[in-house]
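>>> The following comprises the amino acid sequence and a computationally predicted model.
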Amino acid sequence: MSSRRRTIASLVVAALSSLLALTGTVAAQSENRDLIDGLEYQLLYVALPLTLFVLMILIYAAVKFHDNDDPEPTTEDPALEITWTAATAIILLFVGLSGYSVLVNPYVSPSQANDVDTSGSQEDIESFDDLPETDDEEVHVRGYQWEWQATYPESNVTTENEIVIPADRNVTFWLSSDDVVHSLFVPDLGIKQDAFPGDYTRARTIVSEPGNYDAVCAEFCGAGHSRMDAEIVVVEPDTYDQWLETNEGSNNVTTAPVPE
């Protein structure tokens, strides 16, 4: 086998190994993560055979024509051109529909949720108290240089750099900023939402797996940006209710441990 063929074969093996490595499945801990992973796998299952097809054509052309000293232009083939144009349109339609079905989901685009009255304008909202009501567990999250503060309005509990939420319940995070643009990003849960000064944005999730999840600021916000992180603590619903009851009325920032 010539060195050129060995190189091509090595590239093909490397590409296939990389693509196959991406197909490994990991159980999603939240509805958000499940939706995002599902879309990625759908697109991957389309991209993988297309990639193999293109690689096969590339190898065929490289092997068949590498010694061709007198190449001729490709002859016109209307049927082939119509076929690949139609195939491309079908693939793009599939990608568009798959992406749209995820983007309009209320866990990815919370404004699409049907349990919130979104008829009011942002101009009518001057504080967290003016936010529309939801049927979810609600947490008011304030970002500021360079901390996260979470308030539980129904229990008057506030925490610093720790957000406690119940598992298997719909949770809404209402976010705002005191100074510059921040962004709450929880990679393992598929949550990412910007927090703007003077505005209020919504992130929504339901987490199935109790545990501790890292949260960071994903928008550069100054010298302390790299250390602006927090912890999302997901506990069983009974534990969550007990924690709120224990700290109810403690308007001051608390770091009270979550009961085991």
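Thanks, I have it.

>>> show me where the stretch 151-260 of the chain has helices.
Under the criterion DSSP state H, counting those that start in this stretch, the stretch 151-260 of the chain contains helices at 237-247.

>>> tell me the SS of residue 143?
strand (DSSP: H, G, I helix; E, B strand; the rest coil).

>>> Show me what it is bridged to.
Bridge pairing for residue 143 (DSSP bridges) gives the partners residue 148, residue 177.

>>> Report the separation between it and residue 245.
27 Å (C-beta to C-beta, to the nearest Å). For every residue, glycine as well, the C-beta is placed using N, CA and C.

>>> So those two - more neighbours on which side?
residue 143 (27 against 11; other C-beta atoms under 10 Å).

>>> Contacts only, for that one.
149, 175, 176, 177, 178, 182, 184, 195, 217, 221, 228 (C-beta atoms under 8 Å, 6 or more residues apart in numbering).

>>> Pretty sure the fourth one sits against residue 200.
No. Under the contact definition of C-beta atoms under 8 Å, residue 177 does not touch residue 200, with a separation of 9.8 Å.

>>> higher neighbour count, these two?
More crowded of residue 177 and residue 200, by other C-beta under 10 Å: residue 177, with 23 against 19.

>>> gap between the more buried one and residue 129?
Distance from residue 177 to residue 129, by C-beta to C-beta: 17 Å.

>>> same thing with residue 67?
Taking C-beta to C-beta, one finds residue 67 at 77 Å from residue 129.

>>> same question, residue 138
From residue 138 to residue 129 the distance is 12 Å (C-beta to C-beta).

>>> Which pLDDT value belongs to the most centrally placed residue in the chain?
Most central in the chain under C-alpha atoms, centre = their mean is residue 190, positioned 3.8 Å from the mean C-alpha point. pLDDT for residue 190: 91.

>>> Leaving out the residues flanking it, which one is nearest to residue 198?
Nearest non-adjacent residue to residue 198, counting by C-beta to C-beta, 6 or more residues apart in numbering: residue 176, 7.5 Å away.
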